[in-house]
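**Q** Sequence and predicted structure are below.
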Amino acid sequence: MAAAATTEQKAVTSADLEKSFKEYSIAEFFKKNRQMLGYSGDVRSLTTIVHEYVTNSLDACEDSRVLPEITVEVEALTAKPRHTELGAGDGEKRAFEISDEIGKAATLRIFVGGSEKKRGEDYVIKYERKGGSSVKMLVFKSSAPPKDAPLSAEWAIGHLRVAVQDNGSGIPKSKVGAAIGKLLAGTKFNERMQKRGQQGIGASYATLFAQITTGKPTRVKTGTGDYKVYECDVSIDVKRNEPAISNPKEYSGNFKGLRVETEFSEVAYDRSEYGVYEYLRRTALANPHAQITLIEPSKEITVFPRASKDLPKKPKPAKPHPLGLTTSDLMDMAGVTEARKISSFLTNELTKVTDDKVKELAGIINGAGWERKKKEELVIDFDKHPKTLQWAQAEALVHSFQKVKFYNPDMDTLQPIGEEQIRKSLKNLLAPEHMKVVERKPKVFRGGIPFMVEAAIAYGGKAGKKEDGSTEGEIMRFANRVPLLFDSGNCAITEAVKNMDWNRYELKNIEEQPVAVFINFVSVYVPYTGAGKLAVSAEEEIVSEIRMALMECAREIAMHIHGMQKAEDEEKRRQIFFRYIEEVAECLHDITGKDKAVIVQKLRKIAEERTALAEAEDAEAEAELEKVEKEAEKEIGEEG
Amino acid sequence: MAKTETREETLKKIDVMAERLLKQADAKENLHLDIPIRGSSNVFFDEKGKKIVLGDKVAKRYLFNVAHARRFMQTMLVSSYVKKDLLENNLTATLRDLYYAKKHTIRGTRDENTIEEQNESDSAIVDLEVSLDTFRERLHLRAEPKGRMAGDMVVSDRVRNKVDKIDLAHMGSGGWAVPSIVEQVEFTDVGAEYVLVAEKNAIFDRLNEDEYWKKNKCILITTAGQAARGARRLIQRISTELKMPIYCLTDADPYGWYIYSTMKYGSMALAHESDRLGCPAMKFLGMSISDIEHYDLRNVTIKAKEVDIKRAQELKNYDWFKSREWQAEINKFLDKKIKAEIQALSSKSLQYISKTYLPDKINAQDFLP
């Protein structure tokens, strides 16, 4: 209806649209949107891959109501590691040019003067433009390698093999292709409901990423619990965007769940705060019902044990609200909808979208408001089939959702982790000396979107303790249980943490305290900043609510620290008193001739009772003494 | 002087204190001593008696108080040493003797000593003095002796039971060293008519060499800087027992003035002893800021330093410097910002001080109060 209705330039026929859609290769699409989908940077790409698989696994287990047992294995498929001398430090230089091969190596260990440095923490690998081409640089973050310290790299090119296995519902044989090998098609076959961070479209992108970087298909093994196991290789026919199945194998066995295994290049494994290890550790924290095992390229096995046997309540089926959608979500839905027109697709698949609202959207997108972007693909014919919807068009739709006044989503869709679950989880993984968990009541932002905040602060134990034994306060951000590892600078959670006056809570310089701060933002509609889903938009209501939660936690921690200090002070006081008792008793014995042992005993008894006395008394006396002594000091030297 | 009686009295005071502490222990109270507060908040100038006196504010020093415990323990150490080692044996000791006698590592600690620095035991001694309402000499504790004298007078001194007669007219170039405890000293055969107290050794030596005391019928004393307790007590006794005028000679600067005021009115730190150490009749002979003009010494003055100015401003606010004359003197100093040493007089000639300056000033009775 709308496409031709407005201006001359926009008189684009649907035939044109179809043509442009077809010419738009799926591989190009991926390349163009790779960044948005989380595939930027070697380490981050790997985290994204694992995230996609693990998220699907968790959802699959919850769907079939089993306690998740997920194993993630990352293996370096390389020849022997090679060793390369990179020169020596001069005490000042921080950036060292390295060969492209080393920069792209699947495993890389950097040594300065013989001791290994941590990627992400001590150094990063960067591209730098030099002349017409770009070179790889090894850049040390905080301090330059000391003078004459030899720099060396142990590295191996090759691929990383990633395998993720779960004990969930598995995928029926007939749907394997669509789930793993078709882009812009839903991977979830149960009814659409609110899942972790509205994620879960990504397994196919991982398949494509493997295909592009290594040419390898993705090996899938699935069993739905009927003692039939199905295995096959899945790749994507990028021209048609259709799955290609090869090497199928069917046999009997009691495997239930899904195992996905494939090889990647242009990815890197490390234990930085952006890496797979940290991602899984935090995922385990936010999902106490899951047991997650990680096998690292070093063959080290880490089990994040299950802390609770309570499965999260099954989320109430609810259609998504337009304000909560990202472009890829919309594309994903358009790929699987049964609606025949974009207009009915919007009214059927989304909540609170009426025919009138669709008209409004059409007015915005095809009308005067969008004149700046007169690209043809921005014009949407709402009568066309949803499958013809292009990325740019979906993007335009998502933008215009923000400009239309929809009714608010329903309140009862919030799915918090729960106070008790968080407590179990933190206890399980951090064994803190003390912790406080707070679950705030639901509030609304943007005038009506419900959300709630769960927060916890853990103090002592393993909280804030790094592997090397040093202490560094840790801020863990989550949105609907999904760890947010990247882009912390733009996040409402970071802002709330920064705005806290930690001094008041005995947590001065929180970055150096043995604390772990845990915040889960819960909403069916997480207002992410940008399409990357890495940070929660710092809306006033959200920041304020997170602050309230943090303050509540911090108060309790402050009391705990204060109590510890008090006990410590008491012990110190007791020791001081006991130290002098002997001397005083001896003097009193010398003067009066009374039995020293008796005097000692009496004094000790008083000392015990007195140690618990209010500190105020001491502080007051100290101040008085100090004043008197200061004045007396002035006169010192007078007597010679 | 009824010395033995005093000793027993002092012994008794220590016993009473210790018994009271034991009673507090029996009553499960926090053991404490009452110690009059020393310092400006509890020190006043007694206009009538012309002395600095201690007010009646009392602080409690507790054993079971983190801030007090160590000092309390040190005061106990002093008490037992004074009783057992000094008074009971009729011996005297220096502050340093006591410091070494009672310094040892506290049992159960690796390196904490009962007393680290001597100033700690010195402070504990003063605590004991004021809490027993007694003074150091009665505790048989001696400060380092300081000060020398010469003049037309014979004194008798006693070392335990031996009595020595000392003719201060025949003490050679160095003079007689004033002992730290002078209670036992008696004055006989007094030919002098006044006492001249000089702040500086150099002036004493000059005047002694010039036989000033002989020619001018006086007793010459040097305090060698801030006067020690022995010298102060001795000057007071001469003033009250022999009714002789006492004239004081210091540099023309705030430190000289303060040395004078301490001898005359007492000090804040020893306000509890002003009665026995102060000498309200003392007069300030010089050197005054006006002397600089009068004797034409401007060429030999020294520029006042920041600290001098600050100190002068402080002195100006002390109640015992509130007389018109002193305020004028201090203002003059603050205005000109110069000071002068007594030795500046040597710029005229070596004997100018003994032949011209002193006789002039004394004849004209040109003193500050």
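**A** Perfect, thanks for sending it.
**Q** What strand or helix carries the nearest residue to A:Thr354 once chain neighbours are set aside?
**A** Excluding its sequence neighbours, the residue lying closest to A:Thr354 (Cβ to Cβ, 6 or more residues apart in numbering or on different chains) is A:Thr347, at 6.5 Å. Backbone N, C-alpha and C define where each C-beta goes, glycine included. For A:Thr347, the element it lies in under DSSP states H and E is helix A:342-349.
**Q** Next, the angle from the following helix or strand past that helix to helix A:342-349.
**A** As assigned by DSSP H and E, the chain's next helix or strand after helix A:342-349 is helix A:355-366. Interaxial angle of helix A:355-366 relative to helix A:342-349 (axes from the mean of the first three to the mean of the last three Cα atoms, to 10 degrees): 130 degrees.
**Q** so for helix A:355-366, what's the average pLDDT?
**A** The predicted model gives helix A:355-366 an average pLDDT of 86.
**Q** now stretch B:186-195
**A** Mean predicted lDDT for stretch B:186-195 stands at 92.
**Q** now that stretch, how far from the centre of its chain.
**A** Its chain's C-alpha centre lies 21 Å from the corresponding centre of stretch B:186-195 when counted by Cα atoms, centre = their mean, to the nearest Å.
**Q** how about that stretch: buried residues?
**A** Neighbour-count burial for stretch B:186-195 flags B:Phe187, B:Val190, B:Ala192, B:Tyr194, B:Val195 (criterion: 16 or more other Cβ atoms under 10 Å in any protein chain shown).
**Q** Would you mind extracting the C-alpha trace of it into PDB?
**A** Output of stretch B:186-195 as PDB, limited to C-alpha atoms (Å, rounded to 0.1, in the frame of the first residue of the first chain):
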ATOM      1  CA  GLU B 186      72.500  28.300 102.900                       C
ATOM      2  CA  PHE B 187      73.700  31.900 102.400                       C
ATOM      3  CA  THR B 188      76.200  33.300 104.900                       C
ATOM      4  CA  ASP B 189      78.500  36.400 104.800                       C
ATOM      5  CA  VAL B 190      76.600  38.400 102.200                       C
ATOM      6  CA  GLY B 191      78.400  41.500 101.000                       C
ATOM      7  CA  ALA B 192      76.600  42.000  97.700                       C
ATOM      8  CA  GLU B 193      73.800  44.400  97.200                       C
ATOM      9  CA  TYR B 194      72.100  43.100  94.100                       C
ATOM     10  CA  VAL B 195      72.100  40.100  91.700                       C
END
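**Q** Go ahead and name everything in contact with that stretch.
**A** Applying Cβ atoms under 8 Å, 6 or more residues apart in numbering or on different chains, the contact partners of stretch B:186-195 are B:151-156, B:165, B:167, B:169, B:213, B:217-221, B:235, B:237-239, B:241-242, B:244-247, B:362.
**Q** follow-up on the earlier one: of the buried residues of stretch B:186-195, which pair is most distant in space?
**A** Farthest pair in these (Cβ to Cβ) is B:Phe187 and B:Tyr194. Separation: 14.3 Å.
**Q** pLDDT wise, what is the closest residue to A:Thr293 other than its chain neighbours at?
**A** Closest residue to A:Thr293 apart from its sequence neighbours, by Cβ to Cβ, 6+ apart: A:Thr71 at 4.5 Å. In this model, A:Thr71 is scored at 96, pLDDT.
**Q** try A:Ala531
**A** Here, the pLDDT recorded for A:Ala531 equals 59.
**Q** Up against chain A, what does the stretch 251-369 of chain B have?
**A** Within reach of chain A by Cβ under 8 Å from any Cβ of the partner chain, the stretch 251-369 of chain B has these residues: B:Thr262, B:Ser267, B:Met268, B:Ala269, B:Leu270.
**Q** per-residue confidence for whichever residue of the stretch 51-200 of chain A sits closest to chain B?
**A** Of all residues in the stretch 51-200 of chain A, A:Ser115 sits closest to chain B, at 36.0 Å by Cβ to the nearest Cβ. Looking at A:Ser115, its pLDDT stands at 86.
**Q** for the longest helix along chain B, which positions count as buried?
**A** The residue-count maximum for a helix in chain B (DSSP state H) belongs to helix B:3-26. Buried residues in helix B:3-26, counted by 16+ other Cβ under 10 Å: B:Arg7, B:Thr10, B:Leu11, B:Lys13, B:Ile14, B:Met17, B:Ala18, B:Leu21, B:Leu22, B:Gln24, B:Ala25.
**Q** Repeat that for stretch B:296-314.
**A** Of the residues in stretch B:296-314, B:Leu297, B:Val300, B:Thr301, B:Ala304, B:Asp308, B:Arg311, B:Ala312 count as buried by neighbour count, 16+ other Cβ under 10 Å.
**Q** So in chain A, which helix runs the longest?
**A** Counting by DSSP H, the longest helix found in chain A is helix A:540-592.
**Q** roughly how far out does that helix sit from the chain middle?
**A** Relative to its parent chain, helix A:540-592 has a centroid offset of 37 Å by Cα atoms, centre = their mean.
**Q** Stretch B:315-332 too?
**A** Relative to its parent chain, stretch B:315-332 has a centroid offset of 22 Å by Cα atoms, centre = their mean.
**Q** Output that stretch in CSV with nothing but the alpha carbons.
**A** The C-alpha trace of stretch B:315-332 is given here as CSV (Å, rounded to 0.1, in the frame of the first residue of the first chain):
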residue,chain,number,x,y,z
LEU,B,315,54.3,36.9,73.7
LYS,B,316,52.3,40.0,73.1
ASN,B,317,49.2,38.1,73.8
TYR,B,318,50.4,36.5,77.1
ASP,B,319,48.8,38.0,80.1
TRP,B,320,52.2,38.5,81.8
PHE,B,321,53.4,40.7,79.0
LYS,B,322,50.3,42.9,79.1
SER,B,323,52.0,45.8,80.9
ARG,B,324,52.2,49.1,79.0
GLU,B,325,56.0,49.0,78.9
TRP,B,326,56.3,45.5,77.5
GLN,B,327,53.5,46.1,74.9
ALA,B,328,55.5,49.2,73.8
GLU,B,329,58.7,47.2,73.7
ILE,B,330,57.2,44.4,71.7
ASN,B,331,55.5,46.8,69.3
LYS,B,332,58.8,48.6,68.8
